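Engineer: Quick one, fold the following:
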Amino acid sequence: MDKVNKWKEELDLLIEIISKAGLTGTIKWGTDVFTHQGKNVVGVAGFKEFFALWFYNGVFLKDEQGVLYNSQEGKTKALRQWRFHAKADINEPLILAYMHEAMQLVEDGKVHKPEKLPQPVMPDLLLQAMEEDNSLKGAFQKLSPYKQRDYIEYVSTAKRLETQQARLEKIKPLILNGLGLNDKYKTF
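Structural biologist: Okay, the predicted model is just below:
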């Protein structure tokens, strides 16, 4: 049984509760996401051991009941997750209170602004390859900053020189074709 269908009844109940708050439902990133005034407020998802609500600006919620937590400390900045392990864990009045607070955050224009990451250091191997091949250098410079960052990190995170070289050979055709490292996983 897949992880979403394992919780179908519970997820349907959460969606029913969310609809009472007046949010607009849509599908984003393959899951149910609910918006208010065009802004993401909450998502619903099933996992192997639990089902959850994801508050997109949960970092700003008061969370007086202590039900929210950061699922990846140090990595996740604004999202906060509310996990449920059984249908009996669902408290409709409390969920609606959190929904209304999250909607108020949208109305107040409260959003988490991600900090800009510093540009990673270009690995010597990639620099050398671009010095030897002007077409590679030109193609790399035409890529968007995030695609450049992906390639830099992909090569530089390899610990062994052999792995860095193998990765470089793998990405050269992608760069020359103007593709990002993960473009093959995206649907356009």
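Engineer: Where does the residue lying closest to residue 70 once chain neighbours are set aside sit: helix, strand or coil?
Structural biologist: Take residue 70 and drop its neighbours on the chain: the residue closest to it by Cβ to Cβ, 6 or more residues apart in numbering is residue 76, 5.2 Å away. C-betas here are computed from N, CA, C, even on glycine. Under DSSP: H, G, I helix; E, B strand; the rest coil, the three-state class of residue 76 is coil.
Engineer: Pull up the gap between residue 76 and residue 181, please.
Structural biologist: 22 Å (Cβ to Cβ, to the nearest Å).
Engineer: neighbour count winner among the two?
Structural biologist: Using other Cβ atoms under 10 Å as the criterion, residue 76 and residue 181 rank with residue 181 on top: 21 against 15.
Engineer: ok, residues contacting the one helix or strand residue 52 maps to?
Structural biologist: For residue 52, the element it lies in under DSSP states H and E is strand 51-55. Strand 51-55 has contacts (Cβ atoms under 8 Å, 6 or more residues apart in numbering) with 7, 10-11, 14, 41-46, 61, 68, 79-84, 95, 98, 102.
Engineer: quick one: residue 23 and residue 35 touch, right?
Structural biologist: Yes - between residue 23 and residue 35 there is a contact at 6.4 Å, judged by Cβ atoms under 8 Å.
Engineer: neighbour-wise, which of these two wins?
Structural biologist: Ranked by neighbour count (other Cβ under 10 Å), residue 23 and residue 35 place residue 23 first, with 21 against 17.
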